[in-house]
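Q: from the sequence below, what's the structure:
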Amino acid sequence: MDYDLQDDVQLLKNDKFRRLLQARFVGQTAQNALIYALLILLVTESGSSIHSTLLIVALTIPSIVLGIPGGAVADMLPRRFTLTFGYLARAGVAAALFYYSGDLFYVYMLVLLYSSIGQVFSPSEAATVPAIVRKDQLSTANSLMMLSLMLAQIVGLVVMAPILIKLISPDAVFIVAAVLLLVATYIMGWLASDFTRAQDEKPPSIGFVEAMGEGFRILRTNRHAYLAIVYLTTGLSLSKVLIILMPKFTRDVLEISPEDTVFVAAPAAIGAGVGLLIVPLLIRLFGAWRVAAVAFFVFVLGLAGLGLVVFVRDFIQANFDFGISFLEDNFSLASVITVTMLLAVPLGLSFTILSVATRVVMNEQAPLEAQGRVFAMQMALGDFLSLLPLLLVAVVADVVGVRATLLASAVSALGVAGYLTFSKRFGPVEPPEEPPGESPGSLSPEDSAARPVPEPGT
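A: Just a heads-up that it's a prediction; the model follows:
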């Protein structure tokens, strides 16, 4: 398929999608700033770093317990309700955090409530994308959604929250976050008002239990959706491990201050930016699931490279050098830091491509009316499978070393993903034969006629 840049530019002229992007950027900016302020508040109030781990647990538990039911609810409720009410409810929680910031019990209860709201809102937001853009625009749409998330992390985590905390206090962040979430509610309200009746209506209710089972059925009968879940879930777990270990890696391996993680973060951000630019073209040329598989493999190799960074450095210096010795001799930039920066570029590139490509696969393969359940299942599985490693990885790194932990994580992830990819026990089963027009994941002619279709030119 030819790459049509002009057609992708037209995507930003789609009012519904543009407002979805705007609301996502504003809302995610508020969320990132709020979580950063919570981390500072909890550690400061308690005087113990254990509360940083408890915060992660409080944010994760609702996804494990409520994620799959939340996805079913998201698919059963009208989008004009879930998209607007989700931001409004979170704004209320942010305001309550300001009021109860001095009581750790109430803070944790509000964090649980905030995360619980997301179990319905987040799948609904993800499921909105294929409802308002054409299928051939899904790769670009998901790239832009990822870009808005990255920009929101920079504004919320790096700029807004630290400045407000330094100048005023964490309480100021909660107030500003509440205001931003109200702004996102306003933007999302305009988006919801633009839904046509066909885009907002839901199929006839099939019952709550049946709705939850539908998400499992899709993964058990659709190999591409199944592989997307495997690669994205494993990749996200590895990324969380990397985030937790990075301060120790910079101190023990790079022998610099943990605050200087910019040596790794900046090249990774460059790679991520390049990934966002090229992933629509790659998906058009090779298909989303193939791109996702290659990106996952490259990401795992990059993580293993960090674990073997000293040996990689020695190999490069012995065979290629790439000017590493020159930088070390003339600019006092340690060779191991230079190699780490080189490895960070493909890490950021591959993770971004993996994130976008797997979401495109799920958008393409899951029926529109079941998108929320599929995304909710991915989120729930990812949080469930990563919770124990996240709690143990820092302890393991203290015992065996951070490089050995990174290498073991990469090898384990590759082994698990490889087994799940080729295993007949866990892989999708062939669905039973159905009468024509009633195969799993397909729509009858009557249903097909009723399925929402984006307006021409969107």
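Q: which residues are in contact with stretch 58-74?
A: Stretch 58-74 is contacted by residues 35, 82, 108, 111-112, 115-116, 118-121, 123-124, 127, 208, 211-212, 214-215, 372-377, 379-380, 382-384, 386-387 when judged by Cβ atoms under 8 Å, 6 or more residues apart in numbering. Placement of C-beta: from N, CA and C, glycine included.
Q: is it possible to mark the buried ones in the residues you listed?
A: Buried members of the contacts of stretch 58-74, counted by 16 or more other Cβ atoms under 10 Å: 35, 82, 108, 111-112, 115-116, 118-121, 123-124, 127, 211-212, 214-215, 372-377, 379-380, 382-384, 386-387.
Q: show me what contacts Val356?
A: Neighbour list for Val356: Ser139, Asn142, Ser143, Met146, Gly275, Leu276, Val279, Ile283 [criterion: Cβ under 8 Å, 6+ apart].
Q: ok, Pro346 next?
A: Residues near Pro346 by Cβ under 8 Å, 6+ apart: Gly271, Val298, Phe299, Leu301, Gly302.
Q: you'd agree Leu238 is up against Ser409?
A: Yes. Between Leu238 and Ser409 there is a contact under Cβ atoms under 8 Å: 6.2 Å.
Q: any shared contact partners between those two?
A: Contacts common to Leu238 and Ser409, judged by Cβ under 8 Å, 6+ apart, are Leu303.
Q: hang on, isn't Leu21 packed against Ser148?
A: Yes. Leu21 is in contact with Ser148 according to Cβ under 8 Å; the separation is 5.2 Å.
Q: show me the buried ones among the contacts of stretch 58-74 that map onto helices.
A: 35, 82, 108, 111-112, 115-116, 118-121, 123-124, 127, 211-212, 214-215, 372-377, 379-380, 382-384, 386-387 (DSSP state H).
Q: Val345 is in contact with Ala268, correct?
A: Yes. Counting by Cβ under 8 Å, Val345 is a contact partner of Ala268 at 7.0 Å.
Q: quick one: mean pLDDT for the helix or strand where Leu238 lies?
A: Taking DSSP states H and E as the definition, Leu238 sits inside helix 223-252. Averaging pLDDT along helix 223-252 gives 84.
Q: between Ala268 and Val345, who's got more neighbours?
A: Higher neighbour count among Ala268 and Val345: Ala268, with 22 against 19, using other Cβ atoms under 10 Å.
Q: angles on the backbone of the more buried one, please.
A: Backbone torsions for Ala268, taken as degrees, to the nearest 10, come to phi -60, psi -40.
Q: residues contacting the nearest residue to it once chain neighbours are set aside?
A: Closest residue to Ala268 apart from its sequence neighbours, by Cβ to Cβ, 6 or more residues apart in numbering: Gly348 at 3.4 Å. Neighbour list for Gly348: Pro267, Ala268, Ala269, Ile270, Gly271, Ala272, Gly275 [criterion: Cβ under 8 Å, 6+ apart].
Q: got the angle for the helix or strand hosting Ala74 vs helix 223-252?
A: Counting by DSSP H and E, the element that carries Ala74 is helix 50-76. Orientation of helix 50-76 against helix 223-252 (axes from the mean of the first three to the mean of the last three Cα atoms, to 10 degrees) gives an angle of 160 degrees.
Q: in helix 50-76, what counts as buried?
A: 51, 55-56, 58-76.
Q: show me the shaky parts of the stretch 51-200 of the chain.
A: Where the stretch 51-200 of the chain drops to pLDDT under 70, the residues are 52, 190-200.
Q: might one say that Thr53 is in contact with Leu387?
A: No. Under the criterion of Cβ under 8 Å, Thr53 makes no contact with Leu387, lying 10.7 Å away.
Q: that older thread, which member of the contacts of Val356 is positioned nearest Ala413?
A: The shortest approach to Ala413 among the contacts of Val356 belongs to Gly275, at 19.4 Å (Cβ to Cβ).
Q: name the element the residue lying closest to that closest one once chain neighbours are set aside belongs to?
A: Using Cβ to Cβ, 6+ apart and skipping residues adjacent in sequence, the residue nearest Gly275 is Thr352, 3.4 Å away. Thr352 is part of helix 335-365, with elements assigned from DSSP H and E.
Q: which one (most neighbours) among the contacts of Pro346?
A: Ranked by neighbour count (other Cβ under 10 Å), the contacts of Pro346 have Phe299 at the top, with 28 neighbours.
Q: so what's that residue up against?
A: Residues in contact with Phe299 (Cβ under 8 Å, 6+ apart) are Gly235, Leu238, Pro346, Leu347, Ser350, Phe351, Leu354.
Q: and for Ile163?
A: So Ile163 contacts nothing (Cβ under 8 Å, 6+ apart).
Q: is it in a helix, a strand, or coil?
A: helix (DSSP: H, G, I helix; E, B strand; the rest coil).
Q: now do it against Met150, distance only.
A: Per Cβ to Cβ, to the nearest Å, Ile163 is found 19 Å from Met150.
Q: now do Val133
A: From Val133 across to Met150, the span is 20 Å (Cβ to Cβ).
Q: which of those two has more neighbours?
A: Set Val133 next to Met150 and count neighbours by other Cβ under 10 Å: Val133 wins out with 22 against 17.
Q: what's the closest non-adjacent residue to that one?
A: Ala141 (4.7 Å).
Q: ok, how many other residues are close to Thr221?
A: The burial count for Thr221: 17, using other Cβ under 10 Å.
Q: for the remainder of this discussion, apply numbering that starts at 47.
A: Sure, I'll start counting at 47 from here, so that last one is Thr267.
Q: distance of it from Leu100?
A: 39 Å.
Q: domain ranges for the chain?
A: 47-248, 256-471 (automatic domain parsing).
Q: and the contacts of Pro392, which two are the farthest apart?
A: Based on Cβ to Cβ, the longest span within those runs between Gly317 and Leu347 and measures 13.6 Å.
Q: for stretch 436-447, buried residues please.
A: Residues of stretch 436-447 classed as buried: Leu436, Val439, Ala440, Val442, Ala443 (neighbour count, 16+ other Cβ under 10 Å).
Q: just checking, which of those residues belong to helices?
A: Leu436, Val439, Ala440, Val442, Ala443.
Q: relative to Ala412, which of these is nearest.
A: Leu436 (27.7 Å).
Q: was I right to think that closest one contacts Ile102?
A: Yes. Assessed by Cβ under 8 Å, Leu436 is found in contact with Ile102 at 6.5 Å.
Q: if we can go back for a sec, now the contacts of Pro392 in CSV, with distance to Ile383?
A: Formatted as CSV, the contacts of Pro392 follow (distance: Cβ to Cβ, whole Å):
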residue, distance to Ile383
Gly317, 17
Val344, 22
Phe345, 21
Leu347, 20
Gly348, 16
